[in-house]
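Participant: sequence plus the predicted model coming up.
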Amino acid sequence: MSGGPSTVCGVSPASAREFPSPSPFSDGEKFDVGRQLSFDELDTPLSETTFVVVDLETTGGSADQDSITEIGAVKIRGGEVLGEMATLVDPGRSIPPYIVELTGITTAMLIGAPPIERVLPAFLEFAEGAVLVAHNAPFDIGFLKAAASRSARPWPAFRVLCTVKLARRVLTRDEAPSVKLSALAHLFQVTTQPTHRALDDARATVDVLHGLIDRVGNQGVHSYSELVDYLPNISSHQRAKRSFAANMPRSPGVYLFRGPSDEALYIGTATDLRRRVRNYFTGSETRGRMKEMVALATRVDHVECAHALEAGVRELRLLSAHAPPYNRRSKFPRRGWWITLTDEAFPRLSVVRTPTADSIGPFTSRGDAVEVADTVAEFSRLRTCTKRLGRGAVHGPDCPARELGACPASWAPELTAQDYAAAPETVRGFFRGTNDAPLQQMQARIDELS
């Protein structure tokens with residue numbers, strides 16, 4: 001093994017026998033590859049993004065039936081090589097003649113090479129936190145995932161970039177009739193020619209990747225998130241509307257797509273407003289109905305909220321007020337469920353199909369509506385018992401839920417209609433958006449229990 005920033009495991013059988021465990025193939029950076037990626041990571045400039053370019057040689061083309069015989073990988077950032085690894089791998093079987101002819105790797109060369117169960121942990125350590133890059137990534141990543149599965153090892157949440165897909169997006173057919181690695185190596189005049197050996201091919205792919213990144217930079221793609229947005233072949237008009245999300249906060253809230261006449265086209269909630277709205281202008285949005293809506297949109301408004309609970313309540317209020325045409329819950333209101341105040345001397349909450357003036361919804365399931373109704377009743381001191389009470393009646397003595405301590409209106413032994421009137425008035429204000437006291441109490445309870 002060589003010193004310095006580049007560490008290579010040799011591919012000869014002798015060095016393969018010395019293959020250590022755990023792996024030395026790390027440049028010292030530590031990442032948690034299984035975690036949820038943050039927006040900042042997705043928005044990292046390409047010049048600061050760490051890539052691990054990997055290439056495999058195998059006994060055949062099926063990840064389920066064939067095995068890896070060689071791994072080569074190069075870690076790069078900002079045009080600099082941070083490290084390399086390469087090793088032969090014992091596939092536990094003989095090498096088919098046509099593979100020997102293609103790669104030059106023979107069964108004899110693999111005697112004493114480490115099995116994939118020893119090599120894979122080393123590779124995963126080497127690639128921690130990086131974007132995995134491969135030429136025809138489904139092939140290479142498919143074999144690595146299959147090896148992880150057979151080793152009962154979880155596969156980390158890697159971001160993956162395919163240089164075949166990127167080349168097809170960046171290069172014209174006239175410029176690159178073929179996107180085979182050998183053809184692209186010739187086009188970009190790489191320093192290491194592909195030879196059907198893993199490390200050589202990985203090094204060639206590094207040069208191809210740099211050439212492709214230079215091309216997309218000329219088209220205004222400078223960060224990893226912009227590259228992800230660029231890869232799908234979406235219209236420039238749709239991509240241009242990404243600016244709608246530029247000034248949005250990375251916090252919970254409600255967003256409203258507005259049409260040419262300032263009408264609300266679509267309303268939704270998000271835990272990260274900026275990220276969620278940006279997604280509508282990328283290839284990740286495949287719903288035809290949403291593409292049509294985005295084409296009509298002239299701007300996106302937002303309401304920033306303190307937490308997801310507040311965002312959900314505000315969304316329901318806005319849906320009720322605007323009935324936006326691209327929300328299914330607005331298009332088919334009778335398919336949803338509404339929470340409404342009953343019309344009686346001692347109003348309570350009821351879950352119904354048809355809304356009234358004092359309603360909130362729609363909810364997609366009755367169960368969700370019932371759960372919210374119970375929560376609203378609890379924090380507004382509204383009764384949950386179903387016995388009908390006239391104006392001259394008194395709530396309390398005959399309430400069956402009261403005996404179990406489960407009726408929110410049991411805060412006094414007896415309540416007249418006048419005593420009780422403040423509770424339904426609080427709920428009306430909550431539904432209309434003029435009284436957020438119940439919401440504040442709910443959040444206080446959540447904070448207390450967290």
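Facilitator: Yep, that arrived.
Participant: could you find the closest non-adjacent residue to Ala270?
Facilitator: Of all residues not flanking Ala270 in the chain, Arg276 sits nearest, at 3.5 Å (C-beta to C-beta, 6 or more residues apart in numbering). Where you see a C-beta, it was placed from the backbone N, CA and C, and this is true even at glycine.
Participant: dump the residue contacts of that neighbour.
Facilitator: Neighbouring residues of Arg276 by C-beta atoms under 8 Å, 6 or more residues apart in numbering: Tyr255, Gly268, Ala270.
Participant: in a strand, it, correct?
Facilitator: No. Assigned with DSSP: H, G, I helix; E, B strand; the rest coil, Arg276 falls outside any strand and is helix.
Participant: how far away is it from Leu56?
Facilitator: Using C-beta to C-beta, to the nearest Å, we find Arg276 at a distance of 36 Å from Leu56.
Participant: equivalent analysis for Gly268, please.
Facilitator: 41 Å.
Participant: and those two? Which one has more around it.
Facilitator: More crowded of Gly268 and Leu56, by other C-beta atoms under 10 Å: Leu56, with 23 against 20.
Participant: isn't the more buried one up against Asp66?
Facilitator: No. Contact between Leu56 and Asp66 fails when scored by C-beta atoms under 8 Å: they sit 10.4 Å apart.
Participant: anything in contact with each of those two?
Facilitator: Here Leu56 and Asp66 have Phe143 as joint contacts, going by C-beta under 8 Å, 6+ apart.
Participant: can you check which helix is longest in this protein?
Facilitator: Determined from DSSP state H, the single longest helix within the chain is helix 198-217.
Participant: okay, buried residues for that one please.
Facilitator: Of the residues in helix 198-217, 198-209, 211-213, 215-216 count as buried by neighbour count, 16 or more other C-beta atoms under 10 Å.
Participant: do the same with stretch 433-445
Facilitator: Buried residues in stretch 433-445, defined by neighbour count with 16+ other C-beta under 10 Å: Asn435, Pro438, Leu439, Met442.
Participant: tell me the one of those nearest Arg287?
Facilitator: Of all the buried residues of stretch 433-445, Leu439 has the smallest distance to Arg287: 30.9 Å, by C-beta to C-beta.
Participant: got any ranges where the chain has weak pLDDT?
Facilitator: Counting by pLDDT under 70, the chain shows low-confidence ranges at 1-43, 233-236, 283-286, 329-335, 392, 395-406, 409-413, 450.
Participant: out of the buried residues of stretch 433-445, the closest to Ala130 would be?
Facilitator: Taking C-beta to C-beta as the measure, Ala130 sits nearest to Met442 out of the buried residues of stretch 433-445, at 42.0 Å.
Participant: helix, strand, or coil at the closest one?
Facilitator: Following three-state DSSP, the label given to Met442 is helix.
Participant: what's the nearest residue to it if we skip its chain neighbours?
Facilitator: In this structure, Met442 finds its nearest non-sequential neighbour in Phe379, 5.5 Å apart by C-beta to C-beta, 6+ apart.
Participant: which SSE is Gln65 in?
Facilitator: In the assignment (DSSP states H and E), Gln65 maps to no helix and no strand.
Participant: how near is it to Val54?
Facilitator: Noted for Gln65: a distance of 21 Å to Val54, by C-beta to C-beta.
Participant: swap in Asp201?
Facilitator: Counting by C-beta to C-beta, the separation of Asp201 from Val54 is 10 Å.
Participant: what touches both of those two?
Facilitator: Each of Gly72 lies in contact with both Asp201 and Val54 under the rule C-beta under 8 Å, 6+ apart.
Participant: in the stretch 1-150 of the chain, which spans are helices?
Facilitator: Assigned by DSSP state H, counting those that start in this stretch, the stretch 1-150 of the chain shows helices spanning 13-17, 39-42, 97-103, 116-126, 137-150.
Participant: so how far is the longest helix of the chain off the chain centroid?
Facilitator: 27 Å (C-alpha atoms, centre = their mean, to the nearest Å).
Participant: put the alpha carbons of that helix into PDB.
Facilitator: The C-alpha coordinates for helix 198-217 follow below in PDB (Å, rounded to 0.1, in the frame of the first residue of the first chain):
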ATOM      1  CA  ALA A 198     -12.000  -1.700 -12.500                       C
ATOM      2  CA  LEU A 199      -9.500   1.000 -11.400                       C
ATOM      3  CA  ASP A 200      -8.700   2.000 -15.000                       C
ATOM      4  CA  ASP A 201     -12.300   2.300 -15.800                       C
ATOM      5  CA  ALA A 202     -13.100   4.200 -12.600                       C
ATOM      6  CA  ARG A 203     -10.200   6.700 -13.500                       C
ATOM      7  CA  ALA A 204     -11.500   7.100 -17.000                       C
ATOM      8  CA  THR A 205     -15.000   7.800 -15.600                       C
ATOM      9  CA  VAL A 206     -13.500  10.500 -13.300                       C
ATOM     10  CA  ASP A 207     -12.300  12.400 -16.400                       C
ATOM     11  CA  VAL A 208     -15.700  11.900 -18.200                       C
ATOM     12  CA  LEU A 209     -17.500  13.200 -15.100                       C
ATOM     13  CA  HIS A 210     -15.300  16.300 -15.000                       C
ATOM     14  CA  GLY A 211     -16.000  16.900 -18.700                       C
ATOM     15  CA  LEU A 212     -19.700  16.600 -18.200                       C
ATOM     16  CA  ILE A 213     -19.700  18.800 -15.100                       C
ATOM     17  CA  ASP A 214     -17.900  21.500 -17.100                       C
ATOM     18  CA  ARG A 215     -20.600  21.300 -19.700                       C
ATOM     19  CA  VAL A 216     -23.500  21.700 -17.200                       C
ATOM     20  CA  GLY A 217     -21.700  24.600 -15.500                       C
END
